[in-house]
Every structure is written in C-alpha cells, then in structure tokens.
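In: Here's a sequence, model it:
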Amino acid sequence: MMGIGFPELMIILVIIMIIFGAGKLPEIGSAFGRSIKNFKTSMKEAEEAGADTAQVEGGAETETPAGEIQEENLSDEEKERLAREKAQTEGEAKDLAMKEQAETFTASLPRKGSYDFAKDQAEQAEKNAKA
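Out: Take a look at the predicted model:
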C-alpha cells in the first residue's frame with residue numbers, strides 16, 4: 001500500500017513554499033483552519049436545527065418568540081454569531097442614515113445651470129457687511 005511519508009511531505013511543502021512564498025504560508029494555514037471551523041459549526045448548527053424541528057414536531061419543546069433569545073443557553077460561538085449579526089444590523093442602519101443624509105445634502109445643492117454668480121456675490125457682500 002502506498003502512503004505519504006516524511007520525504008513526500010517535505011517535497012510538497014517545498015513546492016508550496018515556491019508557489020506561494022514563505023510569507024503567505026501562515027495566512028493560508030489560518031484561512032484553511034477558519035474554513036474547517038466554519039464548516040464544523042455549520043454542520044453542528046444544521047444538526048441542531050434538525051434536532052430542534054424533530055423535538056418541536058414531537059411536542060416536547062415549545063418555540064421561543066423571534067425577538068427573545070436566552071443567552072445563558074447559548075455557546076460562545078452562538079453568542080459571537082449573534083453579536084456579529086447585531087453589529088451588521090447596526091452598521092446597515094448607520095449606512096442607511098448616512099446615505100439619507102448624503103441624499104438630503106445633495107438635494108440641497110443647486111442644480112446645474114441654476115447658479116447665479118451675481119446673487120451669490122450680493123449674499124457674500126451682505127454677510128460681510130453684517131460681520
């Protein structure tokens with residue numbers, strides 16, 4: 001039976017270092033580790049969702065309202081996910097507010113061709129006279 005031994009692993013590592021460079025290897029490793037972690041958590045969530053639906057169908061568990069989540073029953077990963085979702089929702093709300101503010105400012109600007117230089121000069125002179 002053919003297996004991958006130490007010499008083969010070293011050759012593969014050297015080829016990877018030549019292709020990506022030594023500086024990128026930690027980034028590639030961490031990205032690979034994160035992807036495996038995300039895969040495991042999504043599989044765990046899918047299993048839990050399947051178990052929850054089976055329990056709800058059996059009548060053993062009652063549903064919680066959509067707005068209420070019991071944080072003491074959540075794992076650290078679920079708390080982090082909820083915090084990320086909350087931050088994303090808040091960020092989207094801030095983005096929308098900034099967009100509305102920008103649209104209001106843009107709407108307050110004079111339209112193209114509607115600028116009157118003489119009127120602007122008169123207003124500036126009037127402001128300077130008052131000051």
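In: How far does the lowest-mean-pLDDT helix or strand in the chain sit from its chain's centre?
Out: In the chain, the helix or strand scored least confidently by mean pLDDT, DSSP states H and E is helix 25-58, which has a mean of 82. In terms of CA atoms, centre = their mean, to the nearest Å, the centre of helix 25-58 is found 18 Å from the chain centre.
In: On the C-terminal side of it, identify the next helix or strand.
Out: Per DSSP states H and E, the first helix or strand lying C-terminal to helix 25-58 is helix 76-108.
In: for the least confident helix or strand of the chain, packing partners?
Out: In this structure, helix 25-58 packs against helix 6-20, with contacts taken as 3 or more CB pairs under 8 Å, 6 or more residues apart in numbering; DSSP states H and E. In this view, the C-beta of every residue, glycine as well, is placed from N, C-alpha and C.
In: which residues touch the helix it packs on?
Out: Contacts to helix 6-20, defined as CB atoms under 8 Å, 6 or more residues apart in numbering, come from residues 25, 28.
In: okay, that helix in PDB with CA atoms only?
Out: Once non-C-alpha atoms are left out, helix 6-20 reads as follows in PDB (Å, rounded to 0.1, in the frame of the first residue of the first chain):
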ATOM      1  CA  PHE A   6       8.000  12.300   5.600                       C
ATOM      2  CA  PRO A   7      10.100  12.800   2.300                       C
ATOM      3  CA  GLU A   8       7.000  13.200   0.200                       C
ATOM      4  CA  LEU A   9       5.500  15.800   2.700                       C
ATOM      5  CA  MET A  10       8.800  17.700   2.600                       C
ATOM      6  CA  ILE A  11       8.700  17.800  -1.200                       C
ATOM      7  CA  ILE A  12       5.100  19.000  -1.100                       C
ATOM      8  CA  LEU A  13       6.000  21.700   1.400                       C
ATOM      9  CA  VAL A  14       8.900  22.900  -0.700                       C
ATOM     10  CA  ILE A  15       6.700  23.200  -3.800                       C
ATOM     11  CA  ILE A  16       4.000  25.100  -1.800                       C
ATOM     12  CA  MET A  17       6.700  27.500  -0.500                       C
ATOM     13  CA  ILE A  18       8.000  28.100  -4.000                       C
ATOM     14  CA  ILE A  19       4.500  28.800  -5.300                       C
ATOM     15  CA  PHE A  20       3.100  30.900  -2.500                       C
END
